[in-house]
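Engineer: dropping the sequence and predicted coords here.
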Amino acid sequence: MRRTRNLIFLKDVAGLACTAFGGPQAHLAMMFRLLVHKRRYLTAAELLELQALCALLPGPTSTQTMTAIGFRLGGPNLAYLTLFVWCLPAVLIMTLAGLLLTHFDAALTGRLVQFVQPVAVGFVAFSAYRIAEKVIQTKTSVALMVASAMVAYFFQLPGVLPLLLLAGGAVTTLRYRKHAIVPDKKPIRVEWANGALWLGIFLLAAVLGHYTQLRPVRLFENFYRNGSLVFGGGQVLAPLLFAEFVEYKHYLTGPEFLSGLGLVQALPGPNFSFASYIGALAMRPLGGVGPQLLGAAVGAIGIFLPGTFLIFFIIRFWDGLRQYRVVKASLEGVNAVSAGLVCAAALLLYHPLPDRLLALPGSLAHWHLPLNPLLVGLTFLVLLWERIPSVVMVGVALLAGVLVP
């Protein structure tokens, strides 16, 4: 029975990996719909807790969240399989893009995803609605949700997200006496293996990267270091990789970097898969497909591995930690801030969408309706109807991008 459930879960993860467009907040929206609302692998509050916990750590938030869910359901083995299945489609496509760079047309890519982008915003807006419905239950939560949404919207800085989560938790911690005392608390057992492994590889890679000229080793050190230190997701990672691999090391040209960045934004799955594209192009001087494939693999492993070690380290004692009233009280504020961040994400993702007008037929031809708000609203209503799977909606949006000039 458990094995069957794990296989179904991995199938669901594969479906999300092929349809979850729009970055971490859109990923959260689709996780919420499929894993919480439809499959009930975990509750809305549990998903928000895991997402907030991962947001406080460096690394790819949505990847760490998905890995943590796999760990909760089936332990380390299922977690590693979850990580592999979640990352594989985007990594393969970005590796292929690195091998066949000259065959990719940026204009064609933009046309293909022109309708996927507003659909992704609709997913995020629906996620904000569902999350608020589930976790906002007090005036304090409402205030924290609104305040965090406003701060995240007006101050788009890497450190804002973890600071907001910590501040929200601190506010509701003051009300810890309203929570019941958990009798017979289990002692917290911290297993240091994964934390020590993360730090050991970090130091070893730094030493080897300094003393060797082997490009695969240096690439691994570059990506492992960035994956260990970057907060805020792919949006923060991109300028760091540009500075290192384009401006400093000249492994890529500026247009090559921007072409890959545009492509990864158009793909489902984790944006950190961009590292496999850079790794493939960085190995071009060695000649042949083999070194480029090695570079792509090194890039993907280096960028995803540190975040995996960190979430494996934290998740093992998180359940013990959340037994305490102070921690439990803080989760109310963390969940409220998380809801606010999703609200802000819906607005922030909408703004970059280009203006498109829809001409009405017949005698109303002189009227033009804004297309993107219609698509966002239609997506929200279809999700509320709960009859059409997310993969079908994304597939229709992609097909429309092919057919509509």
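Structural biologist: That came through fine.
Engineer: tell me which residues are up against whichever strand or helix holds Gly200.
Structural biologist: Here Gly200, judged by DSSP states H and E, is contained in helix 193-211. Residues from elsewhere that reach helix 193-211, judged by Cβ atoms under 8 Å, 6 or more residues apart in numbering: 217-218, 220-222, 224-225, 228, 305-306, 309-310, 312-313, 316. Heads up, the C-betas are built off the backbone N, CA and C, glycines and all.
Engineer: which parts of it are buried?
Structural biologist: 194-195, 198, 201-202, 205, 209 (16 or more other Cβ atoms under 10 Å).
Engineer: okay, now the unreliable bits of the stretch 201-350 of the chain?
Structural biologist: 231-236, 262, 265-266 (pLDDT under 70).
Engineer: helices of that one, residue ranges please.
Structural biologist: With DSSP state H, counting those that start in this stretch as the criterion, the stretch 201-350 of the chain has helices at 215-229, 234-241, 254-265, 274-282, 289-321, 325-350.
Engineer: can I get the CA coordinates of the third one in PDB?
Structural biologist: Right, helix 254-265. The C-alpha trace of helix 254-265 is given here as PDB (Å, rounded to 0.1, in the frame of the first residue of the first chain):
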ATOM      1  CA  GLY A 254      26.200  38.200 -22.500                       C
ATOM      2  CA  PRO A 255      23.700  37.200 -25.300                       C
ATOM      3  CA  GLU A 256      24.300  33.500 -24.600                       C
ATOM      4  CA  PHE A 257      23.600  34.000 -20.900                       C
ATOM      5  CA  LEU A 258      20.400  36.000 -21.600                       C
ATOM      6  CA  SER A 259      19.100  33.500 -24.100                       C
ATOM      7  CA  GLY A 260      19.400  30.700 -21.500                       C
ATOM      8  CA  LEU A 261      17.900  32.900 -18.800                       C
ATOM      9  CA  GLY A 262      14.900  33.600 -21.100                       C
ATOM     10  CA  LEU A 263      14.500  29.900 -21.900                       C
ATOM     11  CA  VAL A 264      14.600  28.800 -18.200                       C
ATOM     12  CA  GLN A 265      11.900  31.300 -17.400                       C
END
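Engineer: that helix packs against which elements?
Structural biologist: For helix 254-265, the packing partners by 3 or more Cβ pairs under 8 Å, 6 or more residues apart in numbering; DSSP states H and E come out as helix 61-99, helix 106-112, helix 234-241, helix 274-282.
Engineer: and for the last one?
Structural biologist: On a contact count with 3+ Cβ pairs under 8 Å, 6+ apart, helix 325-350 meets helix 23-31, helix 44-55, helix 116-135, helix 139-154, helix 160-173.
Engineer: again, only this time at 6 Å
Structural biologist: With contacts defined as 3 or more Cβ pairs under 6 Å, 6 or more residues apart in numbering; DSSP states H and E, helix 325-350 has these neighbours: helix 44-55, helix 116-135, helix 139-154, helix 160-173.
Engineer: buried residues, the second one. List them.
Structural biologist: If I follow you right, that is helix 116-135. 116-132, 134-135.
Engineer: re the thing from before, so can I have JSON lines of the helices and strands packed on helix 254-265 showing mean neighbour count and distance to Ser148?
Structural biologist: Formatted as JSON lines, the helices and strands packed on helix 254-265 follow (neighbours: other Cβ atoms under 10 Å; distance: least, Cβ to Cβ, whole Å):
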{"stretch": "helix 61-99", "mean neighbour count": "22", "distance to Ser148": "16"}
{"stretch": "helix 106-112", "mean neighbour count": "13", "distance to Ser148": "32"}
{"stretch": "helix 234-241", "mean neighbour count": "18", "distance to Ser148": "18"}
{"stretch": "helix 274-282", "mean neighbour count": "29", "distance to Ser148": "28"}
